[in-house]
Structures are given as structure tokens and as C-alpha cells.
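A.B. asks: No sequence on hand, only this structure:
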């Protein structure tokens, strides 16, 4: 369904500040913004945000790898790759070699946010086919937690996933939550048309995630929402709209404090597959 408005405090604002399309300037009211134009992950911004170590991730220009494993480099782009950024000259590349399951970029927000918006643009690989190798076959897309990831933490972790949807390699999207007081692990809010093959190959999509901690240990009023729009779209599609979730942080940070982008591909890709990420944003406003 197409939406520019949802119930509750979370609203997908149709009149985004990120105009004109492809801007490298931060929208209003953000806590952290990175368009990767510094060609490095060494910088931090307000509120103590910090990128973690790279795991098959790098900063690339349209013609070269310019930063990886904590070092600035200049490795020419291999033949046949398209590394054009959504905005500016640089983007973050996630490389999944054929049969390999892991490409992930972790980050620490520097602040525990009881209510937070996270957004970024993702380029679907030109050869994208949902991985056929392994079981289960969900690919991690984004994960956010309070004190530590999944079973390593005392508080909840929210994971956004992709699944094959039975249409020749396309993907459905789901949300799974660990250590909510009223649910655990089961994948919910399935949306079958997340990536369609072949028509969505090579396209840029804008993902927006909204997370809100519950108001008390016994309240089931936490929220998890997920929207997507393709480049050129005027409005967002709602992928998940969960408004009654027991997201209580227990003894750790009283809000969401860290996460990772992409991550483990349980269904490993049959071919070398590369995603690009651009304009990563953390905000306390829509």
C-alpha cells in the first residue's frame, strides 16, 4: 500500500528535505548523516556516533575502492562494475563473494534513543537474485538493538530481513524481534514485493525505519515501522507497521544505541553480489 501518513507519532513525511534528489546535504534535525564524501569512516559526528570495523565493506568512488579496513587506498574498480553513488561521488559497498554469507557494517549511535528514525538509500545489485544456498534463506538487511545484538544482549533486538518470495528470485521483507516482552523471533509483517526480479535490478531504494521503546516494562506500546520508496517515487510504501510491541530495554541503555547494515545472508548468493549504501541518516524526527 502507498502511504504518506500513519497513525501514532510516526509519520512518513512525503515532503522530504532531501531535495533535489541526490543531495549530499543532511536533512533537517538529524543526529548523524553520512554521504561518505569524506572517503573515510574515521570521522565522527555529533552525539558520539562511530562506525565499527569493516567486514567486506568499503568506501568506493565510481572508479576505485578508496577506503577499507581502516586505511585509505586507491584500488581501481574491476571491469564491469557500476559504483555510481546515489549522491555525490562516494558510497559504501557491501561485497558478498559467491557462496560467502557475510558482509556487514556495524555502528554505535553514541546515544540511547527511546525513539529513533534510521534511513539510507540502497542500490539493488544489477545481478541480484536472492541467494539459493543454505537454509533458512533470509538475508539480514538491517538490525538495531539496545545493549547488544540478539542473544548477547539483555534488551531487545529488531532485525529487518529479506526472504525469497517464490517469483524467480525476488524477495519479500519481514521483521523479527528478539527479547520483546510479548513476542520473540517469529518473522512478521511479510511484504512480498520488496525486490522484484528482474525489474528492480540496478535501482536505488530509500529505506526508512522507525523504532520506539515501550513506555514501561509491562507496556506493549513499542513501535517498529518500515517504509520504502524507489528513486523517483513521490510516496512511500509501508512494509511494516507494528504498534503494540513490548520493546523494553531492561537493565541496559534506555533506548536503541547500536546496529548493523546488511549482515548475514543465510541464503548465500550464487554469484559475486554487491550492494551500495548512501546518505545514511539517524534522526529523532521524521
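C.D. replies: Received the coordinates, thanks. Computed from a prediction, not measured in an experiment: that's the story for all the values here. Residues are numbered from 1 along each chain as shown.
A.B. asks: Could you use CA atoms for every contact and neighbour count after this?
C.D. replies: Will do.
A.B. asks: which residues touch the residue lying farthest from the centre of the chain?
C.D. replies: In the chain, residue 218 marks the outermost C-alpha relative to the chain mean, sitting 28.8 Å out by C-alpha atoms, centre = their mean. Listed by C-alpha atoms under 8 Å, 6 or more residues apart in numbering, the contact set of residue 218 reads 181, 246.
A.B. asks: So for it, what pLDDT did the model give?
C.D. replies: Turning to residue 218, the model gives it a pLDDT of 93.
A.B. asks: any idea how far residue 246 is from residue 259?
C.D. replies: 19 Å (C-alpha to C-alpha, to the nearest Å).
A.B. asks: any idea how far stretch 214-231 is from the chain center?
C.D. replies: 15 Å (C-alpha atoms, centre = their mean, to the nearest Å).
A.B. asks: Give me the neighbour count for residue 216.
C.D. replies: 14 (other C-alpha atoms under 10 Å).
A.B. asks: Kindly report the same for the one 4 residues further on.
C.D. replies: Residues within reach of residue 220, counting by other C-alpha under 10 Å, total 19.
A.B. asks: ok, it - contacts?
C.D. replies: 181-182, 214, 244-247.
A.B. asks: List the ones among these that fall in strands.
C.D. replies: 244-245 (DSSP state E).
A.B. asks: List buried residues within the contacts of residue 220.
C.D. replies: Taking 16 or more other C-alpha atoms under 10 Å as the criterion, what is buried in those is 181, 214, 245-247.
A.B. asks: What residue, apart from its backbone neighbours, is nearest residue 209 spatially?
C.D. replies: residue 226 (4.6 Å; C-alpha to C-alpha, 6 or more residues apart in numbering).
A.B. asks: Wasn't that neighbour part of a helix?
C.D. replies: No. The assignment for residue 226 (DSSP: H, G, I helix; E, B strand; the rest coil) gives strand, which keeps it out of a helix.
A.B. asks: State the pLDDT value of it.
C.D. replies: Predicted confidence (pLDDT) for residue 226: 97.
A.B. asks: Verify the contact between residue 191 and residue 172 for me.
C.D. replies: Yes. Judged on C-alpha atoms under 8 Å, residue 191 makes contact with residue 172 at a distance of 5.4 Å.
A.B. asks: Of the two, give the one with the bigger neighbour count.
C.D. replies: residue 172 (23 against 19).
A.B. asks: Secondary structure element holding the more buried one?
C.D. replies: Per DSSP states H and E, residue 172 falls inside strand 171-178.
A.B. asks: contacts for that strand?
C.D. replies: Contacts for strand 171-178 (C-alpha under 8 Å, 6+ apart): 130, 150-151, 156-165, 183-196, 239-240.
A.B. asks: Same question for stretch 158-167.
C.D. replies: Contacts for stretch 158-167 (C-alpha under 8 Å, 6+ apart): 130, 137-145, 170-178, 192-194, 196-197.
A.B. asks: just the buried members of those residues?
C.D. replies: Counted by 16+ other C-alpha under 10 Å, the contacts of stretch 158-167 give 130, 137-145, 170-178, 192, 194, 196-197 as buried.
A.B. asks: just to revisit the earlier point, could you check how far the residue farthest from the centre of the chain is from residue 101?
C.D. replies: Relative to residue 101, and taking C-alpha to C-alpha, residue 218 is found at 37 Å.
A.B. asks: The strand holding residue 172: partners in the sheet, and parallel or antiparallel?
C.D. replies: strand 157-164 (antiparallel), strand 188-195 (antiparallel) (DSSP bridges).
A.B. asks: Select, out of these, the one closest to residue 78.
C.D. replies: strand 188-195 (25.8 Å; C-alpha to C-alpha).
A.B. asks: Would you mind measuring from residue 166 to residue 118?
C.D. replies: 29 Å.
A.B. asks: out of those two, which sits in the more crowded spot?
C.D. replies: Ranked by neighbour count (other C-alpha under 10 Å), residue 166 and residue 118 place residue 118 first, with 22 against 11.
A.B. asks: Report the beta-bridge partner residues of the residue nearest to residue 209.
C.D. replies: residue 209, residue 240.
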